[in-house]
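Novice: Show me how the following folds:
(chains A, B, C and D)
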There are 2 protein chains.
Amino acid sequence: MARLDTRQQILDLAEDLIRSKGYNSFSYHEISHTLGVKNAAVHYHFPTKEVLGLEVIRSAIQRFKDFKEETASLSLEEQLDAFIQTYSINSENDKVCLVGAISVEFYGLPENMTNVMKGLTHLIHDWATNLLAIGKAEGMFTFDMKPETKATMIITNLAAGVQIARLMGNETFSDLIKGIKIDLGVNQ
Amino acid sequence: MARLDTRQQILDLAEDLIRSKGYNSFSYHEISHTLGVKNAAVHYHFPTKEVLGLEVIRSAIQRFKDFKEETASLSLEEQLDAFIQTYSINSENDKVCLVGAISVEFYGLPENMTNVMKGLTHLIHDWATNLLAIGKAEGMFTFDMKPETKATMIITNLAAGVQIARLMGNETFSDLIKGIKIDLGVNQ
DNA sequence: TTGCAAACTTACTAATTAGTAAGTAAGTTT
DNA sequence: AAACTTACTTACTAATTAGTAAGTTTGCAA
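Specialist: Got it, this is the predicted structure:
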């Protein structure tokens, strides 16, 4: 029974490791040793490290699509809060987001991985842009720029926010969230 | 004559590699091969990879101190522009900043490196906080939060801005700069 | 000119890396 | 019951990794 979800455990651990130390900082041995299986078992499920890396990104894409669907019926402010909260959880768990992890190692990664990652990044950015555009039109958010620019600003705040929290502490991140909301005019 | 600056060439290349692919994505062989020296020559100047990594960070600290001194006599807006420009150059050269590079690989790096990096991060953050505090007091910048919060916001915009530019293109970064200035009230 | 130190090269080593080929045990299908 | 598939293990390999010990060359100082 532990057997059947070995694949999923490998996938989850790989994502954890990518977002803790980076793709080139962990080995198949670390995964197999941690999960109590043999090195070849990891290769059985994911023949190459590139395949494993790709699957991590693909599952993150699916997760974001699920997030979109699950939050679609919420108010814009609740949607934004749900999005921000995923980063707060990252910050508490000392994990950076995939966008940051992949982009920093960009030129040390298989091109396939960076290409698939571009898809996820645009998916997130498009979603945020749309949210902000509607929110601005409805007078819910206030900002004096294109919604895509504001989307970039918020995403970069969050992505590097969890990174800098590793160097300056978690209060830096929670403080940052307040700043984002102030600039959007959604503070109360 | 090439001999005498081998140490500096190694240091410069190491920083380039850290900021292109990450610390754990390059080897002493890559450095020695690129510079046309032998592997042991790199070890002669930097006995261990940790020492090399530390020296890269220490030289970045010195560079930032120099930047502070050199720009101290400029106006606040010019100082801010000079700071932003270093990131624009990074973006054009497809290089992330050290803060981003080190923080993403955080748990895969020697503790010595991350500790020294905390120093650089606070140095930059303190400088930006001070700049924004004075600028706000003088009515040059407009924002409705603590200057340290605004400093975090701008630094995270820039740090992740160069990262996301790798995935979404350089226009994303130049667009972001406009957004930062709009929110500071320094657009014209 | 001898001595010495800086800046290397030559020639290694031990550990770690991703990856593979061949076997096996447990279930599932026919 | 036989054949087949899934999910592994055992036992490797070739390449790469950081790191070292023992030379060698070059310029400079005493």
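Novice: average model confidence for stretch A:39-46?
Specialist: Average pLDDT, stretch A:39-46: 97.
Novice: That stretch near DNA strand D anywhere?
Specialist: Yes. Counting by CB under 7 Å from any atom of the strand, contacts between stretch A:39-46 and DNA strand D involve A:39, A:40, A:41, A:44, A:45. Every residue, glycine included, has its C-beta placed from N, CA and C.
Novice: And the buried ones among those residues, selectable in PyMOL?
Specialist: The PyMOL selection below is limited to those of the residues of stretch A:39-46 next to DNA strand D classed as buried (16 or more other CB atoms under 10 Å in any protein chain shown):
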select buried, chain A and resi 41+45
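Novice: quick one: which of the residues of stretch A:39-46 next to DNA strand D sit in helices?
Specialist: A:39, A:40, A:41, A:44, A:45 (DSSP state H).
Novice: Distance of the second one relative to residue B:55?
Specialist: Residue A:40 sits 40 Å away from residue B:55, going by CB to CB, to the nearest Å.
Novice: can you put the ones in helices among the residues of stretch A:39-46 next to DNA strand D in JSON lines and add distance to residue B:113?
Specialist: Formatted as JSON lines, those follow (distance: CB to CB, whole Å):
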{"residue": "A:39", "distance to residue B:113": "29"}
{"residue": "A:40", "distance to residue B:113": "34"}
{"residue": "A:41", "distance to residue B:113": "33"}
{"residue": "A:44", "distance to residue B:113": "36"}
{"residue": "A:45", "distance to residue B:113": "33"}
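Novice: Would you mind pulling up the elements that the longest helix belonging to chain A packs against?
Specialist: If you go by DSSP H, chain A has its longest helix at helix A:111-137. On a contact count with 3 or more CB pairs under 8 Å, 6 or more residues apart in numbering or on different chains; DSSP states H and E, helix A:111-137 meets helix A:49-71, helix A:76-92, helix A:98-104, helix A:147-168, helix B:147-168.
Novice: neighbours of the residue nearest to residue A:57 when sequence neighbours are not counted, just the number please.
Specialist: Nearest residue to residue A:57 in three dimensions, chain neighbours excluded: residue A:116, at 4.9 Å (CB to CB, 6 or more residues apart in numbering or on different chains). Residue A:116 has 19 neighbours, counted by other CB atoms under 10 Å in any protein chain shown.
Novice: Kindly report the same for residue A:88.
Specialist: Residue A:88 has 18 nearby residues by other CB under 10 Å.
Novice: Now do the residue nearest the centre of chain A, the pLDDT please.
Specialist: Closest residue to the average C-alpha location of chain A: residue A:97 at 3.6 Å, with CA atoms, centre = their mean. Predicted confidence (pLDDT) for residue A:97: 98.
Novice: Please tell me how far the closest residue to it other than its chain neighbours sits from residue A:43.
Specialist: Nearest residue to residue A:97, sequence neighbours excluded (CB to CB, 6+ apart): residue A:159, at 5.4 Å. From residue A:159 across to residue A:43, the span is 32 Å (CB to CB).
Novice: Equivalent analysis for residue A:156, please.
Specialist: Residue A:156 is 37 Å from residue A:43, by CB to CB.
Novice: the more surrounded of the two?
Specialist: More neighbours surround residue A:156 than the other of residue A:156 and residue A:43, with 29 against 15 (other CB under 10 Å).
Novice: Verify the stated contact: that one with residue B:176.
Specialist: Yes. Using CB atoms under 8 Å, residue A:156 is in contact with residue B:176, at 6.7 Å.
Novice: Identify the contacts common to these two.
Specialist: By the contact definition CB atoms under 8 Å, 6 or more residues apart in numbering or on different chains, residue A:156 and residue B:176 are jointly contacted by B:157, B:161.
Novice: so residue A:64 sits right up against residue A:122, yeah?
Specialist: No. Contact criterion CB under 8 Å: residue A:64 and residue A:122 do not qualify, at 11.0 Å.
Novice: Looking at these two, which is more packed in?
Specialist: Set residue A:64 next to residue A:122 and count neighbours by other CB under 10 Å: residue A:64 wins out with 17 against 13.
Novice: In three-state terms, label residue A:142 for me.
Specialist: The assignment at residue A:142 comes out as coil when based on DSSP: H, G, I helix; E, B strand; the rest coil.
Novice: Can you pull the phi and psi angles for it?
Specialist: Per-residue torsions, residue A:142: phi -120, psi 120 (degrees, to the nearest 10).
Novice: burial measure for it, as a count.
Specialist: A count of nearby residues for residue A:142, using other CB under 10 Å, gives 11.
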